[in-house]
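> Next one to model:
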Amino acid sequence: MKEKEFKPYIPADRVTKELSIKAIIVGVLLAVIFGGANAYLGLRVGMTVSASIPAAVISMGVFRALLKVFKLKYSILESNIVQTIGSAGESLAAGAIFTMPALFLWAAEGKMDKPGILELTLISMCGGILGVLFMVPLRNALIVKEHNTLPYPEDTACAEVLLAGEEGGSNANTVFIGMGFAALCKFLVDGLYVVPGAITAKISALKTELSTQVYPALIGVGYICGPKIASYMLAGGIIGWFVLIPAINLFGANAILYPGDVTIGELYATGGASQIWSLYIRYIGAGAVAAGGIISLIKSLPLIISTFRDSIKSLKGGSAIAPKRTSQELNMKIILGGIAVMILLIWLLPAIPVTLLGAVIIVIFGFFFATVSSRMVGLVGSSNNPVSGMAIATLLFSTMMLKATGDVGIHGMQAAIAIGSVICIVACMSGDTSQDLKTGYILGATPLKQQIGELIGTILSAFAIGGVLYLLDSAWGFGTEELAAPQATLMKMIVEGVMDGNLPWTLVFIGVFIAVVIEILGIPVLPVAIGLYLPLDLSVCIMIGGLVRLFIDKKKMASEAARKEIVNKGILFSSGMIAGEGLVGILLAILTVAGLSDAMNLSETLNTGIIGGIVLLALMILALLKFTIWSKDEKANKE
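As a prediction, the model looks like this:
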């Protein structure tokens, strides 16, 4: 049976305002704000907040205000452009903070001078532009042809938020109720600190622990992804926390294994299972993510090759028939020319310490991880995309190649971080571009205008990120209690480990062969590898959302149409939860930068402990059930 052709919200034959001046201005402002806020947030806690949905919500609010005050009309596709440009700042910041602070750390140790703002800006800009350009030829393969295969949970949520705001009515109410509920939960956990962010139960017999985060966005992601993908991620977490950690504790209790500097028994006694995960399982997870990415790339090659073949035809004239509006993209000549210019700049500009070999590495790894990152975003969303895992894989190979060619010492380490920074930003930006283009595909946007918007957001955000990094380093310094910069510290350790010859390659290859075994068993390797790399409490929380979805999928209903309606209600509410948490996450980051977070901290006077976490988690589940099987629509279907 032939698959039904997808119909976007705005038909291809309908021309609607998109890349307007007001959309660009609002988008650029959000890009700079989100970029700065997420830079601080990521450097402090090691995680960033995806800005696509918050930008979409803010754009709706701003445009509605303009409509009321100045009678300025706006379209849903203008709001989509705002979120496209706005999310670019967050993605660029995420890629930059995971790697470039390592240069500041070496400067603090007296090994080199601080990197200049020009160097930081150029690295960010080259990586960002490459990330967008690498993704464009993949759009047809990953977004159009795999529309019914890859769930793109956050992109679906972003589109639902925009659609709900456009259409109003009960759908809009469902989204905004979800936003308000999630905003309150997030504020209680990370604003007032009266409820713990995770519930943890130690399992002494196995020397490990079982835990779950208490965040509504993760439950929303699990519901949208569905039980299958959520269970694959949980399987990876179980391998890490209930197989590998107990094994490491059992067989290596009295051993000292790099990067640890005391015995594993002492590590567990002082830091628990989390310390073992941080020092050892992340290397295994990085190996699994790298291997899973290679396997996924090989399996996708036929589709990617056919897509490139179609794109190359446009260079020769191709079809005389002009593509419809929803298929218009950047010309392949511009894409190839832009990639060539970026590579030449990376090689020739003295501000970027990369040789010709480094530029070649960037081309190869850049395209590889652009593909992998885009596919990962399609599976688990941008917020859960393990970009740092890809950066680890890049640093391992690039540092080895630099060392093999004699580029060692501080110059070789600088070059490795520069390469890793560009690749990390490429992965972040390609994932963000993929996410934004998927939202646009659902809404009926013009890909060409979104791609131009993505480049605008990237270029302008690159000028801001250098200043932000210098400001934060001047205020607190990287590697301090205020700005731990966990990913950058890990990247620095990996580069030094390879250069000094003491990196635990055994751990990396254990991850590689775990991925190979998973693939042999016929199980999708990437979501399992992601679950192995990420903390267990994140996967468990996503699984809870997946179980709610499974319960609804299995529940008897009047008809399949009724089931679909109930499922869609849950997607709307979940979309609202993702949006609400994202908005409050940005707000809390700004308040923290302003020095107001300590004044709101009530943990010492009012702390509900584990009971509060369990109650709040139960309320999240009940709220999701309220807007699905307990909704008025379901009651009406029964009657």
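> Which pLDDT value belongs to the residue nearest to the spatial centre of the chain?
Relative to the mean C-alpha position of the chain, the nearest C-alpha, by Cα atoms, centre = their mean, is the one of residue 382, at 2.9 Å. Listed pLDDT for residue 382 reads 72.
> Verify the stated contact: it with residue 88.
No - contact criterion Cβ atoms under 8 Å: residue 382 and residue 88 do not qualify, at 11.8 Å. C-beta coordinates here come from the backbone N, C-alpha and C atoms, glycine included.
> okay, and the common contacts of those two?
Common contacts of residue 382 and residue 88 (Cβ atoms under 8 Å, 6 or more residues apart in numbering): residue 432.
> correct me, but residue 22 touches residue 66?
Yes - taking contacts as Cβ under 8 Å, residue 22 lies within contact range of residue 66: 7.1 Å.
> Identify the contacts common to those two.
Counting by Cβ under 8 Å, 6+ apart, the residues touching both residue 22 and residue 66 are 72, 74.
> Which of those two has more residues huddled nearby?
residue 22 (18 against 15; other Cβ atoms under 10 Å).
> mind checking which helix or strand that one is in?
helix 21-45 (DSSP states H and E).
> Show me what that helix is packed up against.
helix 52-70, helix 76-97, helix 447-475, helix 486-500, helix 560-593 (3 or more Cβ pairs under 8 Å, 6 or more residues apart in numbering; DSSP states H and E).
> returning to what we had before: tell me the secondary structure at the residue nearest to the centre of the chain.
Classification of residue 382 by DSSP: H, G, I helix; E, B strand; the rest coil places it in coil.
> got a list of what it touches?
Residue 382 touches 50, 52, 91, 154, 431-432, 435, counting by Cβ under 8 Å, 6+ apart.
> Mind telling me the two of those farthest from one another?
91 and 154 (12.2 Å; Cβ to Cβ).
> Pick out whichever of the two has more residues nearby.
Neighbours were counted for residue 91 and for residue 154 using other Cβ under 10 Å; residue 91 has more, 37 against 32.
> is it true that the more buried one touches residue 430?
No - at 9.0 Å, residue 91 does not count as touching residue 430 under the criterion of Cβ under 8 Å.
> Which neighbours do these two have in common?
residue 131.
> how about stretch 329-349: buried residues?
Residues of stretch 329-349 classed as buried by neighbour count (16 or more other Cβ atoms under 10 Å): 329-330, 332, 335, 338-339, 342-343, 345-347.
> pLDDT check: weakest of the residues you listed?
Minimum pLDDT across those falls on residue 332, with 86.
> Against residue 338, how distant is that one?
10 Å (Cβ to Cβ, to the nearest Å).
> swap in residue 624?
With the distance defined as Cβ to Cβ, residue 624 ends up 44 Å from residue 338.
> hang on, the earlier thing: for the helix holding residue 22, the averaged confidence score.
For helix 21-45, the per-residue pLDDT averages 82.
> Which positions in that helix come out as buried?
Judged by neighbour count (16+ other Cβ under 10 Å), helix 21-45 contains these buried residues: 22-24, 26-44.
> Next, count neighbours for residue 409.
Quick note: residue 409 (other Cβ under 10 Å) scores 10 neighbours.
> For the residue nearest to it when sequence neighbours are not counted, give its distance to residue 505.
Nearest residue to residue 409, sequence neighbours excluded (Cβ to Cβ, 6 or more residues apart in numbering): residue 499, at 7.9 Å. As judged by Cβ to Cβ, residue 499 and residue 505 stand 14 Å apart.
> Narrow the contacts of residue 382 to just the buried residues.
50, 52, 91, 154, 431-432, 435.
> from the residues you listed, which is closest to residue 462?
Out of the buried ones among the contacts of residue 382, the member with the shortest distance to residue 462 (by Cβ to Cβ) is residue 91, at 11.5 Å.
> for the closest one, what are its contacts?
Applying Cβ under 8 Å, 6+ apart to residue 91 gives the contacts 51, 128, 131, 382, 428-429, 431-432.
> List just the nearest of these to residue 484.
Nearest to residue 484 among these, with distances taken as Cβ to Cβ, is residue 428, at 19.9 Å.
> got the residue ranges for the helices in the stretch 251-400 of the chain?
Under the criterion DSSP state H, counting those that start in this stretch, helices of the stretch 251-400 of the chain are mapped to 264-276, 282-313, 332-348, 356-380, 387-404.
> In TSV, list these along with distance to residue 209.
TSV is the format used below for the helices of the stretch 251-400 of the chain (distance: least, Cβ to Cβ, whole Å):
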stretch	distance to residue 209
helix 264-276	5
helix 282-313	16
helix 332-348	43
helix 356-380	23
helix 387-404	22
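> closest one to residue 509 among the ones you listed?
Comparing the helices of the stretch 251-400 of the chain by Cβ to Cβ, helix 282-313 comes nearest, at 6.1 Å.
> same question for the closest one, mean pLDDT?
74.
> what's stretch 599-616 in contact with?
For stretch 599-616, using Cβ under 8 Å, 6+ apart, the contacting residues are 185, 188-189, 191-199, 214, 591.
> List only buried entries from the residues you listed.
Of the members of those, the ones counted as buried by neighbours, 16+ other Cβ under 10 Å, are 185, 188-189, 191, 193-196, 198-199, 214, 591.
> Thanks again, I'm all set now.
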